[in-house]
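Student: Model the following, please.
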Amino acid sequence: MRLIPLESLDAPELADFSRLTDVALRRRTEPAGGLYLAESTKVIQRALAAGHRPRALLTRQAWVAELEGLLGDFPDVPVYVGADEMMEELTGYHLHRGALASMHRPDLPDPRVLLSSARRVVVLDGLVDHTNVGAIFRSVAGLGADAVLVTPECADPLYRRSVRVSMGTVLQVPWTRLPDWRTAGPLLHEAGFEIAALALSDDAVPLDRYEAPERVALVLGSEGDGLGRKALAQADTVVTIPMLHGVDSLNVAAAAAVALWALRGSTV
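Tutor: Numbers count the residues shown, from 1 in each chain. Below is the predicted model of the structure:
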């Protein structure tokens, strides 16, 4: 492990933590595929376990020993060690979770590859809140869905807030991006999936009465408008969560958890 005292904020690798936003990191052409930020030693551990490669790390002295145990396969990766004040000046916030790592983004798999061995998948259609995306990944990991597929307009699962809220599960749950619905709908059907849209509709099937087939794709819509008409047009059935006291729906992350719990024993 290559330890470097944080004495100046001008080192080129430090730009990963300061002068580039999450969006800019994703769009970088060098290194190929871009970067994302992993915050906390637990998240970094999950990233490494998933086969992701670190580019640089930022930490305080108290966490060096733990990182040394994690980075045995990456002896040349620079690890910048500094005082809280300098790290906060660099990043713009207090680094209290042990470490921050810039990681090389992995190549996303073809959706057909994920679908070939999956039985239950979650499709996120146009979600814009990174907190909700991260929370849904955590529910997927904890309640046993096989993969997550996100539409082109959906927020980035590897955005720092998504990764943090998910407790790093976005790094262990298989996921990829779908094409637009004109292609995505037929792709799901060709793989043998019933498309179940979680939405409000007069003809919706209550969740507790929904008999899911062997392969089901549960589609969740954006926080404000819900599922768009293109997604609904591809759906085989619409499912709704029965509500009380005049409340018509739950937050999308809460709805995902409820639906995954209800369907946990319905697929093979």
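
Student: Might you report the residue contacts of residue 257?
Tutor: 135, 136, 139, 143 (Cβ atoms under 8 Å, 6 or more residues apart in numbering). For every residue, glycine as well, the C-beta is placed using N, CA and C.

Student: Quick check: chain neighbours aside, which residue is closest to the second one?
Tutor: What that stands for is residue 136. Beyond its immediate neighbours in the sequence, the residue positioned closest to residue 136 (Cβ to Cβ, 6 or more residues apart in numbering) is residue 256, lying 4.6 Å away.

Student: Can you tell me the SS state at that neighbour?
Tutor: The three-state assignment at residue 256 reads helix, by DSSP: H, G, I helix; E, B strand; the rest coil.

Student: so what's it up against?
Tutor: Contacts for residue 256 (Cβ under 8 Å, 6+ apart) come out as 122, 135, 136, 139, 140, 198, 218, 220.

Student: Please apply the same query to residue 195.
Tutor: For residue 195, the residues meeting the contact criterion (Cβ under 8 Å, 6+ apart) are 123, 185, 188, 189, 217, 219, 234, 235, 236, 237.

Student: now with 7 Å?
Tutor: Under the criterion of Cβ atoms under 7 Å, 6 or more residues apart in numbering, the neighbours of residue 195 are 185, 188, 217, 219, 234, 235, 236.

Student: go on, residue 130?
Tutor: If a contact means Cβ under 7 Å, 6+ apart, then residue 130 has 155, 159, 161, 162 as its contacts.

Student: Count the neighbours of the second one for me.
Tutor: It stands for residue 159. A total of 22 residues lie near residue 159 under the criterion other Cβ atoms under 10 Å.

Student: Next, give phi and psi for it.
Tutor: phi -60, psi 140 (degrees, to the nearest 10).

Student: and what of residue 106?
Tutor: For residue 106, the backbone dihedrals are phi -80, psi 160 (criterion: degrees, to the nearest 10).

Student: What's the local residue count around residue 139?
Tutor: The burial count assigned to residue 139 is 23, neighbours taken as other Cβ under 10 Å.

Student: should've said residue 70
Tutor: Each residue near residue 70 was counted by other Cβ under 10 Å, and the total is 19.

Student: Residue 250 versus the residue nearest to residue 136, what's the distance?
Tutor: Note on residue 256: its distance to residue 250, by Cβ to Cβ, to the nearest Å, is 9 Å.

Student: quick check: mean pLDDT across stretch 93-112?
Tutor: Mean pLDDT, stretch 93-112: 86.

Student: ah, wrong one, I meant stretch 63-79
Tutor: On average, the pLDDT along stretch 63-79 is 91.
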